[in-house]
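K.L.:
missing the sequence, but the structure's below:
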Ligand SMILES: CCCCCC/C=C/CC(=O)SCCNC(=O)CCNC(=O)[C@H](O)C(C)(C)COP(=O)(O)OP(=O)(O)OC[C@H]1O[C@@H](n2cnc3c(N)ncnc32)[C@H](O)[C@@H]1OP(=O)(O)O
């Protein structure tokens, strides 16, 4: 379903699916290249590394979301893969979250298409049959943090400049209920209440203390740590681990699935408001002028 919609979207936007290139890297591993998402089968058997490559800040544009979902779907359907490490190819930034330009100055049909793509990405990551480990090698606000929170395990680089959290209120936005649920499921109710209302972005030591990440390691060890953690997760037979994951996550995902259309309509109504459009424009302008 998501794959078909994604293909249609890519066709509309002029991206040819046939352009995905395969090449052999130095270690002989096949390396699949999309435009914005690079998939590298790694030295650990059954594990692929997905690198976000949407410079300058890996913002979650419609095209990026579509490519990402297609990549995950392909890996899920390829039974040689059991686990995926998610990381970034953009130095210092895991993902800047939703692309603000997708939510500014567009029409309701675009907002609907964009929000559905955000929902589908979250459902795909949150309910993935694969083991997903986030190797967070940069800052990850809002939607970037959501991707990491939706993985099974998080390893964060020990760099005080890298902040993580759901900062939507700082942009004048109300966090969607399923972003909130994902955070509450990870760090608990009280910590989420404070973090969400204040739009807090946490440095590594605090993120670890809160349980927002599972490990903080030196920057040059993020990916290797993620891969060795993966080995531990893959020691469990897939079917029992998948059933257990599904049992724990199903209610949260079902909440969105049940209200998916209403959630899209709510997003359109909210984002189309003059006051919201104005505050997003001011936020973007401030980013340009480096006032943040
Ligand atoms: C019911 C309704 C519910 C609505 C809920 C909507 C939910 C939204 C969730 C979100 O994800 S909103 C996005 C939140 N993201 C942020 O607040 C991050 C903003 N960006 C930054 O703080 C910084 O850019 C950075 C990530 C820390 C990187 O800093 P750096 O100094 O390295 O780069 P910049 O010069 O700031 O940025 C370069 C370039 O990229 C543009 N940009 C940055 N972030 C975004 C973004 N999220 N979307 C689109 N574009 C972004 C920035 O404007 C610069 O552009 P320029 O043209 O080169 O000036």
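P.N.:
Looks like it came in fine. Remember, it's a predicted structure, so these values are computed and weren't measured experimentally.
K.L.:
near the ligand, which residues of this protein?
P.N.:
Counting by CB under 6 Å from any ligand atom, the residues of the chain close to the ligand are 56-57, 59, 93, 96-101, 139, 141-143, 167-168, 171, 173-174, 176, 266-267, 270, 284, 287-288, 292. (C-beta placed from N, C-alpha, C; glycine too.)
K.L.:
Narrow these to those that are buried.
P.N.:
57, 59, 93, 96-100, 139, 141-143, 167-168, 171, 173, 176, 267 (16 or more other CB atoms under 10 Å).
K.L.:
one step back: in helices only, show me the residues of the chain next to the ligand.
P.N.:
Taking DSSP state H, the ones among these that sit in helices are 143, 266, 267, 270, 284, 287, 288.
K.L.:
quick one, what contacts the fourth one?
P.N.:
For residue 270, the residues meeting the contact criterion (CB atoms under 8 Å, 6 or more residues apart in numbering) are 173, 174, 276.
K.L.:
and if we set it to 7 Å?
P.N.:
Contact analysis of residue 270 by CB atoms under 7 Å, 6 or more residues apart in numbering lists residue 276.
K.L.:
Residue 282 versus that one, what's the distance?
P.N.:
Per CB to CB, to the nearest Å, residue 270 is found 17 Å from residue 282.
K.L.:
ditto for the third one
P.N.:
Relative to residue 282, residue 267 is positioned 20 Å away (CB to CB).
K.L.:
Share the number of residues neighbouring the residue nearest to residue 182 when sequence neighbours are not counted, please.
P.N.:
Residue nearest to residue 182 in three dimensions, not counting chain neighbours: residue 149, with 4.9 Å by CB to CB, 6 or more residues apart in numbering. Neighbourhood size, residue 149 [other CB atoms under 10 Å]: 24.
K.L.:
same deal with the one 4 residues further on?
P.N.:
For residue 153, the tally of surrounding residues (other CB under 10 Å) stands at 20.
K.L.:
residues in contact with it?
P.N.:
So residue 153 contacts 133, 214, 229 (CB under 7 Å, 6+ apart).
K.L.:
Which one (most neighbours) among the residues you listed?
P.N.:
residue 133 (28 neighbours).
K.L.:
Report the lowest-confidence entry in the ones in helices among the residues of the chain next to the ligand.
P.N.:
Of all those, residue 288 carries the smallest pLDDT score, 90.
K.L.:
What separation do you get for that residue and residue 101?
P.N.:
From residue 288 to residue 101 the distance is 12 Å (CB to CB).
K.L.:
ok, now residue 238?
P.N.:
39 Å.
K.L.:
Would you mind identifying the helix or strand in the protein with the lowest mean pLDDT?
P.N.:
strand 21-24 (a mean of 39; mean pLDDT, DSSP states H and E).
K.L.:
that older thread, wait, which of the contacts of residue 153 is closest to residue 183?
P.N.:
Nearest to residue 183 among those: residue 214, at 15.0 Å, using CB to CB.
K.L.:
Make sure that closest one is actually in contact with residue 154.
P.N.:
Yes - assessed by CB atoms under 7 Å, residue 214 is found in contact with residue 154 at 5.2 Å.
K.L.:
Now do the helices in the stretch 101-250 of the chain.
P.N.:
Assigned by DSSP state H, counting those that start in this stretch, the helices in the stretch 101-250 of the chain fall at 108-126, 143-149, 177-187, 189-198, 204-210, 222-234, 238-258.
K.L.:
quick one: contacts of the fourth one?
P.N.:
Taking contacts as CB under 7 Å, 6+ apart, the residues outside helix 189-198 that touch it are 165, 166, 169, 175, 180, 183, 184, 210.
K.L.:
if you set the cut-off to 10 Å instead, what comes out?
P.N.:
145, 165-170, 174-175, 179-187, 200-202, 206, 209-212 (CB atoms under 10 Å, 6 or more residues apart in numbering).
K.L.:
so where do the strands sit in the stretch 1-150 of the chain?
P.N.:
21-24, 30-33, 37-41, 47-52, 83-88, 92-93, 131-136, 138-141 (DSSP state E, counting those that start in this stretch).
K.L.:
Quickly run through the sheet partners of the third one, with directions.
P.N.:
When sheet partners are counted by DSSP bridges, strand 37-41 sits next to strand 30-33 (antiparallel), strand 47-52 (antiparallel).
K.L.:
Alright, that wraps it up for me.
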